[in-house]
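>>> A predicted structure for the sequence below; I have some questions about it.
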Amino acid sequence: MSNLIQAGYLVSAILFILGLKGLGRPRTAVRGNQLGALGMLLAVVVTLTNEQIVAWPIMIAGIIVGTVLGALLALRVQMTGMPELVALYNGFGGIASVLVVLASYDQVIHTGTEDLTYLIAAAASAVIGAITFTGSIIAFGKLNESISSVNSSLIRPANAIMLVGALAAGIAFVASPQGWTWLLILTVLGLILGLTVVLPIGGADMPVIIALLNSLSGLAAAATGFAIGNTLLIIAGSLVGASGLILTQVMCKAMNRTLTNVLFSSMGAGGATVDPNDVYEGKVRTTSADDVAMILDTAERVVIVPGYGLAVAQAQHAVRDLTRTLEENGTEVVFAIHPVAGRMPGHMNVLLAEAEIDYEKLIEMDVVNPTFAQTDVAIVLGANDVVNPVAREADSAISGMPILDVDQARTVIVIKRSLSPGFAGIPNPLFAADNTLMLFGDGKAAAVDINAAMAAL
């Protein structure tokens, strides 16, 4: 039986690795997700069987309940709500680690089997898991705009004090583990830190924070694995923690910011203050769906740049229909994907995949940027900061942030509700450029109108 259990753990670990590898490419992401889910199911069944935690009927009932709940979430949550759901999943992972390590400690203090490895792992799991849980709840609130950012002038010094306090509580717990006092203090400090660290961070930085919280949930799981002696949990947690850290680094690089800068400052802070009237007044040229259709009718190459506005308008299917119309007209159509467009890593990829847009048409920023000069029309749909040319200026609040070079296209069509700034809070001179036309309105309605106008030509 022992060999069978170990074989089950080995197969689960292989499935996790293959699943993570599959998630690295859009075309294999669905299969990777399925492999990871299968690995987790096998891991849960093997663990419950090995430890004889619950009887088979209860285990099967739990799997059925979890499957039903997961299916309901998958069916009911809109693609615009996917970032919030991801944030909650990170939080669930964090609180699960906390609960497991608290339950294990209750058993350990009665048997007196605690050792140094257990104590360090338990302390790390409690504080990291607690930070992940409450931090994810705040991230969820920020993403659905029910929680606003707060002034950090008082919070961040308090965070430093609490962090020192958590370190001291962890040392005290390892040095004198008998009793619940220090472990509970450590957990409470972690819960508070999760709230106060994420509260001051603005919405523009949420893609980075989601990636970081994902990494922390993995690290908490790995620490829990060390605490309870579960090899598979150590492997799975390490994989999630490492991949989350890599993704966090990718997100920071895409914004030309450091993780320290994200955690302790705000996007849009610093840089020269610009009056929107100086940028836009008398320079913005508006257009109509009919005019855009005539421009597109003669275009040989069109690049569509999706942003969070596309998600808000749920315009992905209308954009797919417009893409097909253009391709039937002999036009080459691709999508320029900025790493931090939207509210979570890969947000635009997920939206466009839902509309069954070919993965091969989704071109990453570094690949598509050199082609804008040979592009007839660039359609910017709901994007703002990721196409703002002031990022090339030294005194800008987003100076150095890599952007999509849409301003180099022959004609730029910007579909947007208004001239309101993006998360960085600064005007975008692209909207007033000589080669730009603004089509104001809802993204989905605009795409439908343009498609209808092209069909009528």
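Sure, I can see it.
>>> number of nearby residues for the closest residue to Ile63 other than its chain neighbours?
Excluding its sequence neighbours, the residue lying closest to Ile63 (CB to CB, 6 or more residues apart in numbering) is Leu41, at 7.3 Å. Backbone N, C-alpha and C define where each C-beta goes, glycine included. For Leu41, the neighbour count with other CB atoms under 10 Å is 15.
>>> can you give me phi and psi for Leu41?
Torsion angles at Leu41 (phi, psi; degrees, to the nearest 10) stand at phi -60, psi -50.
>>> that one contacts Gly66, doesn't it?
No - in this structure, Leu41 is not within contact of Gly66 by CB atoms under 8 Å, at 9.3 Å.
>>> skipping its backbone neighbours, what lies nearest Ala236 in space?
Counting by CB to CB, 6+ apart, the nearest residue to Ala236 once its immediate chain neighbours are dropped is Phe16, at 5.4 Å.
>>> for that neighbour, what are its contacts?
Leu35, Gly36, Gly39, Met40, Ile235, Ala236, Leu239 (CB atoms under 8 Å, 6 or more residues apart in numbering).
>>> would you mind measuring from it to Gly66?
18 Å (CB to CB, to the nearest Å).
>>> let me know the next secondary structure element after the helix or strand of the chain with the lowest mean pLDDT.
Of all helical and strand segments in the chain, the minimum by mean pLDDT, DSSP states H and E falls on helix 276-280, at a mean of 72. Going down the chain from helix 276-280, the next helix or strand is helix 289-297, by DSSP states H and E.
>>> show the pLDDT at the residue nearest to Ala236.
Model confidence at Phe16, given as pLDDT, is 87.
>>> measure Val279 to Phe372 for me?
Computed as CB to CB, the Val279 to Phe372 distance reads 21 Å.
>>> meant to ask about Asp434
16 Å.
>>> more neighbours, those two?
Phe372 (20 against 8).
>>> any idea how far Ala373 is from the closest residue in space to that one that isn't next to it in sequence?
Distance criterion CB to CB, 6+ apart; nearest residue to Phe372, sequence neighbours excluded, is Gln408 at 4.2 Å. As judged by CB to CB, Gln408 and Ala373 stand 5 Å apart.
>>> could I get the contacts of Phe16 as JSON lines with distance to Tyr89 and pLDDT?
What follows is the contacts of Phe16, written out as JSON lines (distance: CB to CB, whole Å; pLDDT from 0 to 100):
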{"residue": "Leu35", "distance to Tyr89": "17", "pLDDT": "91"}
{"residue": "Gly36", "distance to Tyr89": "12", "pLDDT": "88"}
{"residue": "Gly39", "distance to Tyr89": "16", "pLDDT": "89"}
{"residue": "Met40", "distance to Tyr89": "12", "pLDDT": "86"}
{"residue": "Ile235", "distance to Tyr89": "19", "pLDDT": "87"}
{"residue": "Ala236", "distance to Tyr89": "14", "pLDDT": "86"}
{"residue": "Leu239", "distance to Tyr89": "16", "pLDDT": "88"}
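>>> the residues you listed in helices, which ones?
Using DSSP state H, the subset of the contacts of Phe16 located in helices is Leu35, Gly36, Gly39, Met40, Ile235, Ala236, Leu239.
>>> count the neighbours of the residue lying closest to the third one once chain neighbours are set aside for me.
Read it as Gly39. Spatial nearest neighbour of Gly39, excluding adjacent residues (CB to CB, 6+ apart): Leu15 at 3.1 Å. Using other CB under 10 Å, the number of residues around Leu15 comes to 22.
>>> check contacts around Leu15.
Leu15 is in contact with Leu35, Gly36, Leu38, Gly39, Leu42, counting by CB under 8 Å, 6+ apart.
>>> export those to JSON lines and tack on distance to Ile357?
Rendered in JSON lines, the data for the contacts of Leu15 read as follows (distance: CB to CB, whole Å):
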{"residue": "Leu35", "distance to Ile357": "24"}
{"residue": "Gly36", "distance to Ile357": "24"}
{"residue": "Leu38", "distance to Ile357": "27"}
{"residue": "Gly39", "distance to Ile357": "29"}
{"residue": "Leu42", "distance to Ile357": "33"}
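>>> which one of those residues is nearest to Ser399?
Gly36 (38.7 Å; CB to CB).
>>> which segments of this structure make up each domain?
Under the assignment automatic domain parsing, the domains of the chain span 77-264, 276-456.
>>> mind listing the strands for the protein?
301-306, 332-337, 362-364, 377-381, 411-416, 436-440 (DSSP state E).
>>> got the buried residues for the last one?
Within strand 436-440, the residues scored as buried using 16 or more other CB atoms under 10 Å are Thr436, Leu437, Met438, Leu439.
>>> per-residue pLDDT, the third one?
Which is Met438. 95.
>>> next: Asp407.
Note for Asp407: predicted pLDDT of 94.
>>> isn't Ala447 up against Gln314?
No - in this structure, Ala447 is not within contact of Gln314 by CB under 8 Å, at 10.7 Å.
>>> so which of the two has more stuff around it?
Ala447 (28 against 17).
>>> contact partners for the residue lying closest to that one once chain neighbours are set aside?
Closest residue in space to Ala447, ignoring its immediate chain neighbours: Ala318 at 3.8 Å, by CB to CB, 6+ apart. Contact partners of Ala318, counting by CB under 8 Å, 6+ apart, are Gly443, Lys444, Ala447, Val448, Asn451.
>>> Leu247 against Asn214, yeah?
Yes - look at Leu247 against Asn214 with CB under 8 Å: they come within range, at 7.2 Å.
>>> okay, those two: which has more neighbours?
Higher neighbour count among Leu247 and Asn214: Asn214, with 26 against 20, using other CB under 10 Å.
>>> ok, and the closest non-adjacent residue to that one?
Among residues not flanking Asn214 along the chain, Gly244 sits closest, at 4.1 Å (CB to CB, 6+ apart).
>>> next one: Gly170
The shortest distance from Gly170 to any non-neighbouring residue, by CB to CB, 6+ apart, is to Ala123 (4.2 Å).
>>> who's in contact with that neighbour?
Applying CB under 8 Å, 6+ apart to Ala123 gives the contacts Gly170, Phe173, Val174, Leu183, Leu186.
>>> in terms of pLDDT, where does Glu145 sit?
Looking at Glu145, its pLDDT stands at 72.
>>> how close does it sit to Asn388?
For Glu145, the distance to Asn388 equals 22 Å [CB to CB].
>>> list of residues touching stretch 141-155?
Against stretch 141-155 from outside (CB under 8 Å, 6+ apart): 81, 83-84, 87, 138, 196, 198-203, 206, 264, 266, 343.
>>> burial count for Pro427?
Using other CB under 10 Å, Pro427 has 22 other residues around it.
>>> buried residues in stretch 324-337, which are they?
For stretch 324-337, a neighbour-count test (16+ other CB under 10 Å) marks Thr325, Leu326, Thr331, Val333, Val334, Phe335, Ala336, Ile337 as buried.
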